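> mind looking at a prediction? Sequence and model below.
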Amino acid sequence: MIEGDLMVYPYIMMVFVVIFYAGNILTGKAINELPPFTIAFFRLVVAFLVTLPLGIHSAWQYRHRFLENKKPFLLMTITGITFFNTFIYGALQFTTSTNVSVLETVIPVVTVVLSAFLLKEKLLTIQKFGVLLSLLGAVWVVLDGNVFQIASMDWNIGDGIMVGAIVSWAVYSILVKKYMHLFPQFGALFVMNGLSVLVLLPFVILEWIVARAPFGTFTTQNITGLVYLGVFPSFIALVFYNRAVELLGASQASVFLNFLPVVTMTGAYLWLHETITWMKIVGALLVIGGVILTTRKK
């Protein structure tokens, strides 16, 4: 009985990871009366405070290792922690949470392609087909199935901003694979969150000067949303995901992330009252199928 529970344990964690990541997109959309840098900044302030008691000791203990590998660590911080979610919250100002979730699912495909170029990893024929299938699905979702009217479509700037998020996390994933084992888990999260707060601070100040300080939009709902973003997607989901990868392996754990559009679409329909068309569902299935093919090793 105990052995069976242990086998189920990582799968339960991955279910919560998908729910928390879908919640990141849905909450980001629900509180998007706050500007994107403001959302990203206060989310990271909350995450920094949560990781402070857990990571400060190991961060200090391994400080020399952080300094010795400061370039890759800074690049991991900038791409994965500072600007990945900033791009997402920026995209949610203009496009739907459904589009964001489907486009986010393309990340493993872009990671495989970048690995082929940067790390000289060979792409199999089935992986190349998966790349094309995922890209077709992503375009299908963005254009709501009107792929033959691509020239006459009014492009949504939010879908364009998501390209920045996709590339950021793909670069982060490659760097994590190569360097993250050098650092303590909680210490790395603590330092990354702290550095990201410092990097985003001037952007927030500029955002408040240009768009005026959004003091009136710090409602109870929005503050609750920021706390959720800082605790669940930014901390608990990462801890759960890393542990699940240890127990299941990266490829098996990442398959669960293919359910992100399904959970997000359901939440968007029930909570945000977004319209979900059959065309978007078809596009999401194409993306998921392409991701499964692209991440195959055989």
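Sure, I can see it.
> what residues sit buried inside the helix or strand where Val176 lies?
Mapping Val176 onto the secondary structure by DSSP states H and E places it in helix 157-179. In terms of neighbour count (16 or more other CB atoms under 10 Å), helix 157-179 has its buried residues at 158-159, 161-162, 164-176, 179. Where C-beta positions appear, they are placed from N, C-alpha and C, glycine not excepted.
> alpha carbons only: can I get it in CSV?
Taking Å, rounded to 0.1, in the frame of the first residue of the first chain, the C-alpha atoms of helix 157-179 are listed here in CSV:
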residue,chain,number,x,y,z
ILE,A,157,0.1,42.2,-30.1
GLY,A,158,-0.4,40.0,-27.1
ASP,A,159,0.3,36.9,-29.2
GLY,A,160,3.5,38.6,-30.4
ILE,A,161,4.6,39.4,-26.9
MET,A,162,4.2,35.6,-26.0
VAL,A,163,7.1,34.9,-28.5
GLY,A,164,9.4,36.7,-25.9
ALA,A,165,8.1,34.4,-23.1
ILE,A,166,8.6,31.3,-25.2
VAL,A,167,12.2,32.1,-26.2
SER,A,168,13.0,33.2,-22.6
TRP,A,169,11.8,30.0,-21.0
ALA,A,170,13.5,27.9,-23.8
VAL,A,171,16.8,29.6,-23.1
TYR,A,172,16.3,29.2,-19.3
SER,A,173,15.5,25.4,-19.8
ILE,A,174,18.8,24.9,-21.6
LEU,A,175,20.8,26.8,-19.0
VAL,A,176,19.0,24.9,-16.1
LYS,A,177,20.0,21.6,-17.7
LYS,A,178,23.6,22.7,-17.8
TYR,A,179,24.1,24.7,-14.7
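> tell me the gap between it and the middle of its chain.
Computed by CA atoms, centre = their mean, to the nearest Å, the separation of helix 157-179 from the middle of its chain amounts to 8 Å.
> next secondary structure after it?
Next helix or strand after helix 157-179 toward the C-terminus (DSSP H and E): helix 185-211.
> only the buried residues of that following helix, if you could.
Buried residues in helix 185-211 (16+ other CB under 10 Å): 185-197, 199-200, 203-204, 207.
> on that earlier part again, what packs against the helix holding Val176?
Applying 3 or more CB pairs under 8 Å, 6 or more residues apart in numbering; DSSP states H and E, one finds that helix 157-179 makes contact with helix 70-76, helix 84-91, helix 97-105, helix 107-118.
> lovely, talk soon.
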